[in-house]
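Novice: Task: produce atomic coordinates for the following.
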Amino acid sequence: MAGFVIAVTDSVFPSLDLAKAALARVNPTFRVSKSSNADDILAVAKDADAILVTYAKLTRDILLQLTKCKAIGRFGLGVDNIDLPTAKEKGIAVNYVPDYCIREVSDHAMALLLALIRKIPLANRLVQAGRWEMPAVVPIRRLEGNVLGLVGFGHIPRLVVPKAQAFGLKVIAYDPFVKPEQFKALNAEGVDFDTLLKSSDYISVHAPLLPATRGMLNANAFAKMKKGVYIVNTARGPLIDEPALVAALNAGQVGAAALDVVAAEPLAKDSPLLGRDNVILTPHTGFYSVEALEELETKCAADVARVLSGEKAVYPISA
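Specialist: Model (predicted):
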């Protein structure tokens with residue numbers, strides 16, 4: 001008996017074997033797009049029953065041309081690359097995997113923060129260049145007693161909290177959608193956004209990318225922060241106004257920044273963020289571990305199989 005057609009727009013996996021195993025019960029035929037441009041996506045997805053997508057953009061124009069699609073599975077924990085209102089309009093169920101890499105990203109955020117505070121990349125560069133000079137990396141301040149502000153309080157920042165507290169940091173957090181008792185349960189203090197900006201020695205960004213959060217760390221926000229504040233972003237690049245960040249770094253208002261994500265990826269070769277001793281950049285690797293990718297591929301595809309079988313997804317998105 002013929003099964004369902006599954007279109008794959010793009011993939012970061014070594015193979016699709018785990019996805020195929022999770023979808024085996026619906027007897028699927030897989031079609032893989034040659035690229036993530038609209039024409040190539042439509043060539044494999046127009047009459048497909050479901051789509052598996054990673055970074056490709058599923059715009060309104062693309063979704064309106066789909067004739068049979070019942071499910072879209074996003075290999076990831078953000079869905080800003082999918083036009084959710086149009087998917088809802090067409091009755092397409094969208095699922096994602098919000099918990100697959102929460103350990104990895106929370107670890108990465110702490111690793112970046114520690115590397116900034118202890119100036120490890122700078123010290124390493126100096127030693128590799130033959131300079132064994134402690135004065136070149138001073139001052140370095142003690143972590144204990146300082147304040148870490150978390151912008152957002154979802155799965156990932158909630159795992160950051162005990163890791164930060166283990167180093168003696170006081171944790172405050174801003175998230176207008178979280179109830180006070182949820183902060184208290186982790187011995188974190190819920191505050192408003194302005195209080196977080198004014199009170200934090202270090203700020204780690206974990207908000208979702210929405211119209212209301214795009215550019216939320218802008219010139220006005222940087223001006224309210226403590227002089228010399230450290231910024232970490234492992235969420236979405238456009239949450240930070242990059243020209244404003246560069247200006248704040250140049251002025252010394254921001255003391256250092258560590259970014260796993262930037263506004264436009266890959267980072268431009270002439271970016272003013274490059275070549276700075278007080279900026280650490282990683283190429284959007286915070287999510288990665290072998291185990292995380294295996295979990296992501298399996299969970300996402302399994303939910304698509306559930307929808308195609310008339311069952312409820314474990315991780316649905318509501319537009």
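Novice: End to end on stretch 129-136, go ahead and measure it.
Specialist: Stretch 129-136 has an end-to-end distance of 13 Å (criterion: Cα to Cα, to the nearest Å).
Novice: Mean confidence (pLDDT) on stretch 165-178, please.
Specialist: Averaged over stretch 165-178, pLDDT sits at 98.
Novice: For it, list every residue counted as buried.
Specialist: Within stretch 165-178, the residues scored as buried using 16 or more other Cβ atoms under 10 Å are 169-175, 178. Just so you know, the C-beta spots here come from the backbone N, C-alpha and C atoms, and that holds for glycine as well.
Novice: all strands of the protein, in order?
Specialist: For the chain, the strands defined by DSSP state E cover 5-8, 29-32, 50-53, 71-74, 93-95, 147-151, 170-174, 189-190, 202-205, 229-233, 254-259, 279-281, 316-317.
Novice: Looking at these, which is nearest to Val127?
Specialist: For Val127, the closest of the strands of the chain is strand 279-281, at 16.7 Å, according to Cβ to Cβ.
Novice: same for that closest one, what does it pack against?
Specialist: helix 102-118, strand 254-259 (3 or more Cβ pairs under 8 Å, 6 or more residues apart in numbering; DSSP states H and E).
Novice: Touching it from outside, list them.
Specialist: 112, 115-116, 121, 249, 256-260, 262, 267, 273-274 (Cβ atoms under 8 Å, 6 or more residues apart in numbering).
Novice: again, only using 7 Å
Specialist: Strand 279-281 has contacts (Cβ atoms under 7 Å, 6 or more residues apart in numbering) with 112, 115-116, 121, 256-259, 267, 273.
Novice: re the thing from before, need the winner for burial among the helices and strands packed on strand 279-281.
Specialist: strand 254-259 (a mean of 24; mean count of other Cβ atoms under 10 Å).
Novice: re the thing from before, Cys300: which of the strands of the chain is closest?
Specialist: Of these, nearest to Cys300 by Cβ to Cβ is strand 71-74, at 4.4 Å.
Novice: Quick one: the helices and strands packed on strand 279-281 as JSON lines, columns for distance to Thr59 and mean pLDDT too.
Specialist: Below are these laid out as JSON lines (distance: least, Cβ to Cβ, whole Å; pLDDT from 0 to 100):
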{"stretch": "helix 102-118", "distance to Thr59": "27", "mean pLDDT": "98"}
{"stretch": "strand 254-259", "distance to Thr59": "27", "mean pLDDT": "98"}
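Novice: Now stretch 24-35: average pLDDT?
Specialist: 97.
Novice: what does stretch 66-76 give?
Specialist: On average, stretch 66-76 scores 97.
Novice: For it, list the C-alpha coordinates in PDB.
Specialist: Extracted in PDB, the C-alpha atoms of stretch 66-76 (Å, rounded to 0.1, in the frame of the first residue of the first chain):
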ATOM      1  CA  LEU A  66       0.800  23.200  -0.900                       C
ATOM      2  CA  THR A  67      -2.000  21.000  -1.900                       C
ATOM      3  CA  LYS A  68      -1.900  18.000   0.500                       C
ATOM      4  CA  CYS A  69       0.300  19.000   3.500                       C
ATOM      5  CA  LYS A  70      -1.100  18.000   6.800                       C
ATOM      6  CA  ALA A  71       2.000  18.400   9.000                       C
ATOM      7  CA  ILE A  72       5.200  20.400   9.300                       C
ATOM      8  CA  GLY A  73       7.900  19.200  11.600                       C
ATOM      9  CA  ARG A  74      10.600  21.800  12.500                       C
ATOM     10  CA  PHE A  75      14.000  20.300  13.400                       C
ATOM     11  CA  GLY A  76      14.600  22.800  16.200                       C
END
